[in-house]
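Undergrad: Fold the following.
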Amino acid sequence: MKKLCISPLTRAAFAPFGEVIMTDGAHHYPINQGTTERFHALACADTHSENGQTILSLFRAQPRQLPLPITIMERHPLGSQAFVPLTQNEADEYLVVVAPAGEFDENKMQAFLCKGLQGVNYAKGVWHHPLIALHKISDFIVMDRIGHGHNCDEITLDGSWVLA
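TA: Take a look at the predicted model:
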């Protein structure tokens, strides 16, 4: 078994794979006569094409237990995909496993521990594991692309990589 180490999610560490969505450090200002704080442009959806459109969905993830074998990775070549947890609790953690866009290389996989106040926006073509909630059933708003064209590639791994 090969152990995949889990790192804390930061903007700098995740930059090769997309964007971290969080209010901490974001450009923000008051709107609506001072009754609302706008955290501006937390991520950029990259789903534009003449045959597709951007949608919002809700994903409800069942909690997973560690150690967790990594047996599947997927990518979306026609658009980015963002996951934003519907929680205000930093303790509501989840994991992301990613690998760079292009030909899949299991030796370039990285794992990040995300706090409940952080979302991620996977860039077009970035390999990622399906949603990994920890501790409890967790809801996420997901922004991605629907439309014509093949937009989900999946590969099956032999399970020799494990999150622990």
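Undergrad: what bridges to the most centrally placed residue in the chain?
TA: Nearest to the mean C-alpha position of the chain, by CA atoms, centre = their mean, lies residue 120 at 4.0 Å. Counting by DSSP bridges, residue 120 is bridged to residue 20, residue 83.
Undergrad: quick one: it from residue 112, how far?
TA: The spacing between residue 120 and residue 112, counted by CB to CB, to the nearest Å, is 8 Å. No exception for glycine: its C-beta is placed from N, CA and C like everyone else's.
Undergrad: my read: residue 118 touches residue 20, true?
TA: Yes: under the criterion of CB atoms under 8 Å, residue 118 makes contact with residue 20 at 5.8 Å.
Undergrad: Now do the shared contacts for these two.
TA: Listed contacts common to residue 118 and residue 20 are residue 9; contacts here mean CB atoms under 8 Å, 6 or more residues apart in numbering.
Undergrad: Check what pLDDT the residue of the chain positioned farthest from its centre gets.
TA: Residue farthest from the centre of the chain, counting by CA atoms, centre = their mean, is residue 33 at 33.4 Å. Per-residue pLDDT puts residue 33 at 94.
Undergrad: about what we covered before: how much space separates the residue nearest to the centre of the chain from residue 98?
TA: Using CB to CB, residue 120 is found at 9 Å from residue 98.
Undergrad: okay, and the common contacts of the two?
TA: Jointly contacting residue 120 and residue 98 under the rule CB under 8 Å, 6+ apart are 14, 17, 112.
Undergrad: Nearest residue to residue 102 in space, ignoring adjacent ones along the chain?
TA: Nearest residue to residue 102, sequence neighbours excluded (CB to CB, 6 or more residues apart in numbering): residue 125, at 7.1 Å.
Undergrad: Break down the chain into its helices, ranges please.
TA: Read by DSSP state H, the chain holds these helices, from start to end of the chain: 11-14.
Undergrad: wouldn't residue 157 be in contact with residue 73 here?
TA: Yes: using CB under 8 Å, residue 157 makes contact with residue 73 at a distance of 6.6 Å.
Undergrad: Give me the more crowded residue out of those two.
TA: Each of residue 157 and residue 73 has its neighbours counted (other CB atoms under 10 Å); residue 73 has more, 22 against 15.
Undergrad: Once you drop chain neighbours, what's closest to the more buried one?
TA: That would be residue 127: by CB to CB, 6+ apart, it lies 4.7 Å from residue 73.
Undergrad: And residue 7, by the same measure?
TA: With sequence-adjacent residues excluded and distances taken as CB to CB, 6+ apart, residue 7 is closest to residue 112, at 5.6 Å.
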